[in-house]
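Undergrad: All I have is the shape, not the residue letters:
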Ligand SMILES: Cc1cc2ncn([C@H]3O[C@H](COP(=O)(O)O)[C@@H](O)[C@H]3O)c2cc1C
Ligand SMILES: O=C(O)c1cccnc1
């Protein structure tokens, strides 16, 4: 079944140890590159090799889908924008395209549930047109939720099989911050008002309509919090289900993923429940300005790399962080060691070796 996952294999402990030791041999005071060092160690462990190989094929996958709630005043923009933005991404004009090009990454769009005929996207993974209006009806049928999760998994397999060495997940779909807020509230046990943000920039009246929709949907979803598939079927959507399948499958395929903001964060909560331990293969690219994103990150125990007050989606915050991953790998692989460079190491009595034996991250 599309919803059964094998136990997650953690990133490689031996490569992790070697990377921690190598960081101490490089020509810098121990620990002086801070979290950039941890990032390099994690990527070496994900690759199972130290020094790690440069990231040569970063790939961004944007999952697009519409939402029935968008017709009820929860967004500052109309639903037509979704299909129009799919075209914009395919033409290379969206923020994610520019940020991806800046990082040497390529972008793919997967139409899972766009309400209209989206222009040519590679492969057919469409589950339905728009997900159901979650405050009154289920987002998906049982067959549809299984198809959506399977689609996300198949896309992850395709990307890994064609050489992606790091994956970035993005979202596109007017209204999608509403089901995402519901999922985060349900899975973190939070009050509706604390998860409702401005999304694309709704005004006060829009915010109140959104809060009412979140409250009603949360009531429908509350009994299902221990069943992630039932939860996303009832109060999520096809795009969120596909993202969850993609995230869990990336972990199955031992491929690192950079997470984006609230929408991807909601899918990550689902994926971690579907395949516990998957989060060891993810890094949080940024902290979105959406309040529910902070709750999702805290629940997953992930600390974001960037805090730029971004609130766009499309994978933009994750792609903005991608150059840090590339830098972290190169530092660990390309810096000279004290021995190579003829630079004196720590003075006698310094405790660099103690630090090497310290607790392992990740
Ligand atoms: C032009 C435009 C480009 C976008 N790119 C991502 N989003 C983001 O905003 C939408 C979610 O916010 P809400 O829940 O308030 O509708 C999604 O399309 C998401 O991908 C965009 C939104 C717009 C308007
Ligand atoms: O954080 C996000 O994922 C987000 C925020 C606003 C709009 N769309 C997505």
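TA: Received, thanks. As the structure is a computational prediction, the values presented were derived from the model and not from experiment. Ligands and ions are numbered 1, 2, ... in the order given.

Undergrad: Spatially nearest residue to the residue in the chain positioned nearest to ligand 1 (excluding sequence neighbours)?
TA: Of all residues in the chain, the one sitting closest to ligand 1 is residue 199 (2.3 Å; C-beta to the nearest ligand atom). (C-beta placed from N, C-alpha, C; glycine too.) Excluding its sequence neighbours, the residue lying closest to residue 199 (C-beta to C-beta, 6 or more residues apart in numbering) is residue 177, at 4.0 Å.

Undergrad: check contacts around the one you found.
TA: 75, 197, 199-200, 262-263, 290, 313 (C-beta atoms under 8 Å, 6 or more residues apart in numbering).

Undergrad: how much space is there between residue 65 and ligand 2?
TA: Residue 65 sits at a distance of 13 Å from ligand 2 (criterion: C-beta to the nearest ligand atom, to the nearest Å).

Undergrad: what does residue 342 give?
TA: Taking C-beta to the nearest ligand atom, one finds residue 342 at 48 Å from ligand 2.

Undergrad: can you map out the helices along the stretch 1-150 of the chain?
TA: According to DSSP state H, counting those that start in this stretch, the stretch 1-150 of the chain carries its helices in the segments 13-25, 34-47, 80-91, 95-103, 142-161.

Undergrad: ok now the longest one, how far from the chain's centre?
TA: Using C-alpha atoms, centre = their mean, to the nearest Å, we find the averaged C-alpha position of helix 142-161 to lie 16 Å away from the chain's own average C-alpha position.

Undergrad: if we can go back for a sec, and the pLDDT for the residue nearest to residue 199?
TA: On the pLDDT scale, residue 177 is placed at 98.

Undergrad: circling back: host element of the residue of the chain closest to ligand 1?
TA: In this structure, residue 199 sits in neither a helix nor a strand according to DSSP states H and E.

Undergrad: isn't it right next to residue 76, touching?
TA: Yes: using C-beta atoms under 8 Å, residue 199 is in contact with residue 76, at 7.0 Å.

Undergrad: Please identify which of the two sits among more neighbours.
TA: Between residue 199 and residue 76, counted using other C-beta atoms under 10 Å, the more crowded position is residue 199 (25 against 14).

Undergrad: quick one: the more buried one and residue 212, what's the gap?
TA: Between residue 199 and residue 212 the computed distance is 15 Å (C-beta to C-beta, to the nearest Å).

Undergrad: now residue 263
TA: 20 Å.

Undergrad: And the two? Which one has more around it.
TA: Legend: neighbour count by other C-beta under 10 Å for residue 263 and residue 212, higher for residue 263 (34 against 16).

Undergrad: so the more buried one touches residue 240, yeah?
TA: Yes: using C-beta under 8 Å as the test, residue 263 is close enough to residue 240 to be in contact (7.3 Å).

Undergrad: partners of the residue nearest the centre of the chain in the sheet?
TA: Centroid check for the chain by C-alpha atoms, centre = their mean gives residue 259 as the closest residue, at 2.4 Å. Beta-bridge pairing of residue 259 under DSSP bridges involves residue 284.

Undergrad: Show the pLDDT at it.
TA: 99.

Undergrad: List the contacts of it.
TA: 169, 247, 265, 268, 282-285, 302, 318.

Undergrad: what's near enough to touch the closest residue to residue 243 other than its chain neighbours?
TA: Among residues not flanking residue 243 along the chain, residue 267 sits closest, at 3.5 Å (C-beta to C-beta, 6+ apart). Contact analysis of residue 267 by C-beta under 8 Å, 6+ apart lists 169, 171, 183, 240, 243-244, 246-247.

Undergrad: Could you do residue 101 as well?
TA: Contacts of residue 101 by C-beta under 8 Å, 6+ apart are residue 92.

Undergrad: give me the number of residues near residue 188?
TA: By the criterion of other C-beta under 10 Å, residue 188 has 17 neighbours.

Undergrad: Distance check, the residue nearest to residue 282 when sequence neighbours are not counted against ligand 2.
TA: In this structure, residue 282 finds its nearest non-sequential neighbour in residue 257, 4.8 Å apart by C-beta to C-beta, 6+ apart. Going from residue 257 to ligand 2 by C-beta to the nearest ligand atom gives 15 Å.

Undergrad: surely residue 191 meets residue 184?
TA: No: Residue 191 is beyond contact range of residue 184, at 11.4 Å (criterion: C-beta under 8 Å).

Undergrad: So which of the contacts of residue 267 is the closest to residue 49?
TA: If you rank those by distance to residue 49 using C-beta to C-beta, residue 247 comes first, at 23.3 Å.

Undergrad: And the closest one, which helix or strand is it part of?
TA: helix 238-252.

Undergrad: helices and strands of the chain: which one bottoms out on pLDDT?
TA: The helix or strand of the chain with the poorest confidence is helix 352-356; it has a mean of 49 (mean pLDDT, DSSP states H and E).

Undergrad: Now do the contacts for the closest residue to ligand 2 within the stretch 1-150 of the chain.
TA: As assessed by C-beta to the nearest ligand atom, ligand 2 sits closest to residue 75 within the stretch 1-150 of the chain, at 8.9 Å. Contacts for residue 75 (C-beta under 8 Å, 6+ apart) come out as 174-175, 177-178, 199-200, 202, 206.
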